[in-house]
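J.: I'll drop the sequence and a predicted model, then ask my questions.
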Amino acid sequence: LAEVFSDRDEGMMVVKWILHEIQDRKLHFEEYVILCRTHARSRVIEDALRTNSIPYIIVGGVKFYQRREIKDVLAYLKVLVNPKDDEAMTRILKLREGIGDQTVEKLKAMAKEIAKSIAEVLLAMLEDKNAEGDKAKRRTKIENELIRVAEIIKKYNEVKEGLSPSELARSIVDEIGILRELRNDGTDESMDRMYNVQELLSGISEYTDNTEGATLEGFLQEVSLVTDIDKYDTDKNAVTLMTTHSSKGLEFPVVFITGLEDGIFPLSSSMMEQEEMEEERRLFYVAITRAMQKLYMTYALQRYRFGNVSYQMKSRFINEIDTSKLDYMKSSVMTKHKSRSHQEEGTSIKYEFYNNKASDDVLNDIFREDLGVKKGSVVFHNNFGKGKVIDVSGRGDAKKASIHFDKVGVKNIILKYANLTIK
């Protein structure tokens, strides 16, 4: 059982444990499962796995940034960063009422004819409308909807420089009304999708708070340039990520249960009803009994929820466990924290093993420094095989390398966590 400071630390803790088990017990990725109470909770875990080049599959769902509602919101953000992104603009248009394939194809043809992007065509339509003033001609419902889209793009293009990425994302989400629409729908599926959008806002807030000089462009690059494991055939050897519900009837050698906090596991919606609380307790028992050999559990003192930092309380279910059966790891205060404008001393995380202290040395060995990786170095990666470093950028924990691997091409990898071997 580990208490960690934040949700980001929770993701990194799971990664450390996985790499520790691989080194110590020679296990394969397919022998691990990570359990979350809901799909929305998978974002931080997925980010940690991706960053550390660990292949994973999601059972009963799709990967976070591939979910429909996430791609819908990101489309608006992408057009603000790059008005020439016709793919994102096409996605936006098809979300709007009354706009179908025929209208989109007409706009594409118009844009191609004048060598402009679709967004630029819409903005030109808006300019024509404004120039007409009181003499504006009568427009169709579709034309009015296109102009409304143009007004959104123009509005946020004008204010984006004065807003942080998190402020901008929240404003756009409010503007397009996606949360309100999903909440009003009221189905289990729509509520899951609503939680996913809220989790995206949390991710953007986390990026804004922890990145010096945070920009919307930077966030979108982080989403797209993080080591892309999604394109691999991971069916044979990949960590499994699933909800507790989906795990019923399955067993794995090593199980991780994450997010053991009141409001998450058990869910906040079950806190007032005894019957629902019993169902949550039963699900917790299901999660624990999925482990054949080893069980790891985590809870965070704070995490981003609904776009804001939330201070958490560990799950009441933890107090129902015989702690004499557990190795307990706890966080303490140390080192530094990044702000957007400067770096200053503050709080971060240090892990202290109350039992089996020798394993601390093992984890430190796994997460060793980059060992002198530089341009031209020939390296070996556990997943990607042999490769040659073509570029190195950044410094400290954020130091990255672009590596051309013989089997899979160019990958961008954070060196601190890559566990590379220099040939």
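T.: Sure, I can see it.

J.: Okay, helices next: where are they in the stretch 201-350 of the chain?
T.: 216-225, 274-288 (DSSP state H, counting those that start in this stretch).

J.: Mind checking the ones you listed for the one nearest to G259?
T.: helix 274-288 (10.8 Å; Cβ to Cβ). From N, CA and C alone the C-beta is placed, and that goes for glycine too.

J.: Give the rounded mean pLDDT of stretch 252-261.
T.: The pLDDT scores in stretch 252-261 average 95.

J.: If you average pLDDT over each of the helices of the stretch 201-350 of the chain, which is lowest?
T.: Mean pLDDT values for those show the minimum at helix 216-225, a mean of 83.

J.: Mind checking the helices of the stretch 201-350 of the chain for the one nearest to A401?
T.: Comparing the helices of the stretch 201-350 of the chain by their distance to A401 (Cβ to Cβ), the top pick is helix 216-225, with 12.5 Å.

J.: What lies in contact with that closest one?
T.: Applying Cβ atoms under 8 Å, 6 or more residues apart in numbering, the external contacts of helix 216-225 come out as 65, 74, 77-78, 80-81, 160, 165, 168-169, 204, 207-208, 211, 412.

J.: lowest-confidence helix or strand of this protein?
T.: Least confident helix or strand of the chain, by mean pLDDT, DSSP states H and E, is strand 343-345 with a mean of 33.

J.: quick revisit: any chance of the helices of the stretch 201-350 of the chain in JSON lines, with mean neighbour count and distance to L126 too?
T.: Formatted as JSON lines, the helices of the stretch 201-350 of the chain follow (neighbours: other Cβ atoms under 10 Å; distance: least, Cβ to Cβ, whole Å):
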{"stretch": "helix 216-225", "mean neighbour count": "16", "distance to L126": "22"}
{"stretch": "helix 274-288", "mean neighbour count": "16", "distance to L126": "50"}
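
J.: follow-up on the earlier one: biggest separation within the contacts of helix 216-225, which pair?
T.: With Cβ to Cβ as the measure, no two of the contacts of helix 216-225 lie farther apart than K160 and N412, at 25.8 Å.

J.: Show me which of these two is the more surrounded one.
T.: Counted by other Cβ atoms under 10 Å, K160 and N412 do not tie: K160 has more neighbours, with 19 against 16.

J.: State the pLDDT value of that one.
T.: What the model reports for K160 is a pLDDT of 91.

J.: State the distance from it to V223.
T.: 17 Å (Cβ to Cβ, to the nearest Å).

J.: before we move on, what about E145?
T.: 28 Å.

J.: Name the residues of the top strand by length along the chain that are buried.
T.: Ranked by residue count, the top strand of the chain under DSSP state E comes out as strand 291-305. Within strand 291-305, the residues that count as buried by 16 or more other Cβ atoms under 10 Å are A291, K294, L295, Y296, M297, T298, Y299, A300, L301, R303, Y304, R305.

J.: As a markdown table, these with distance to M89 would be great.
T.: As requested, the buried residues of strand 291-305 are exported to a markdown table (distance: Cβ to Cβ, whole Å):
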| residue | distance to M89 |
| --- | --- |
| A291 | 47 |
| K294 | 49 |
| L295 | 47 |
| Y296 | 44 |
| M297 | 44 |
| T298 | 40 |
| Y299 | 42 |
| A300 | 38 |
| L301 | 41 |
| R303 | 34 |
| Y304 | 29 |
| R305 | 31 |
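
J.: Output the helices of the stretch 201-350 of the chain as a markdown table; include the columns distance to E113.
T.: Shown next, in a markdown table, are the helices of the stretch 201-350 of the chain (distance: least, Cβ to Cβ, whole Å):
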| stretch | distance to E113 |
| --- | --- |
| helix 216-225 | 29 |
| helix 274-288 | 57 |
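
J.: check contacts around L126.
T.: Neighbour list for L126: I147, A150, E151, K154 [criterion: Cβ under 8 Å, 6+ apart].

J.: what's S377 sitting at in phi/psi?
T.: For S377, the backbone dihedrals are phi -60, psi 140 (criterion: degrees, to the nearest 10).

J.: contacting residues around it?
T.: Shown in contact with S377 (Cβ under 8 Å, 6+ apart): K388, V389, I422.

J.: The second one belongs to a helix, doesn't it?
T.: No: V389: not assigned to a helix; according to DSSP: H, G, I helix; E, B strand; the rest coil it is strand.

J.: I'd guessed it sits against V379; true?
T.: Yes: between V389 and V379 a contact is recorded at 6.4 Å, counting by Cβ atoms under 8 Å.

J.: any shared contact partners between these two?
T.: Both V389 and V379 are in contact with V373, I403, where contact means Cβ under 8 Å, 6+ apart.

J.: between the two, which one's more packed in?
T.: Ranked by neighbour count (other Cβ under 10 Å), V389 and V379 place V379 first, with 23 against 20.

J.: Settle this for me: the more buried one is touching G385, isn't it.
T.: No: the criterion here is Cβ under 8 Å, and V379 misses it with G385 at 9.8 Å.

J.: So E145 versus E132, what's the distance?
T.: Distance of E145 to E132, computed by Cβ to Cβ: 18 Å.

J.: which of the two has more neighbours?
T.: Per other Cβ under 10 Å, whichever of E145 and E132 has more neighbours is E145, with 17 against 10.

J.: unless I'm mixing things up, the more buried one is touching I99, no?
T.: Yes: the criterion here is Cβ under 8 Å, and E145 meets it with I99 at 5.9 Å.

J.: Make sure L267 is actually in contact with E280.
T.: Yes: contact criterion Cβ under 8 Å: L267 and E280 qualify, at 6.4 Å.

J.: any low-confidence regions in the chain?
T.: Along the chain, segments meeting pLDDT under 70 span 133-137, 225-236, 269-272, 331-371, 395-398, 416-419.

J.: Enumerate every residue touching the residue sitting nearest the centre point of it.
T.: For the chain, the residue nearest the mean C-alpha position is R43 (3.6 Å; Cα atoms, centre = their mean). By Cβ under 8 Å, 6+ apart, the contact set of R43 is F64, E199, L200, S202, G203.

J.: can you tell me how far the last one sits from V44?
T.: Here G203 is placed at a distance of 8 Å from V44 (Cβ to Cβ).
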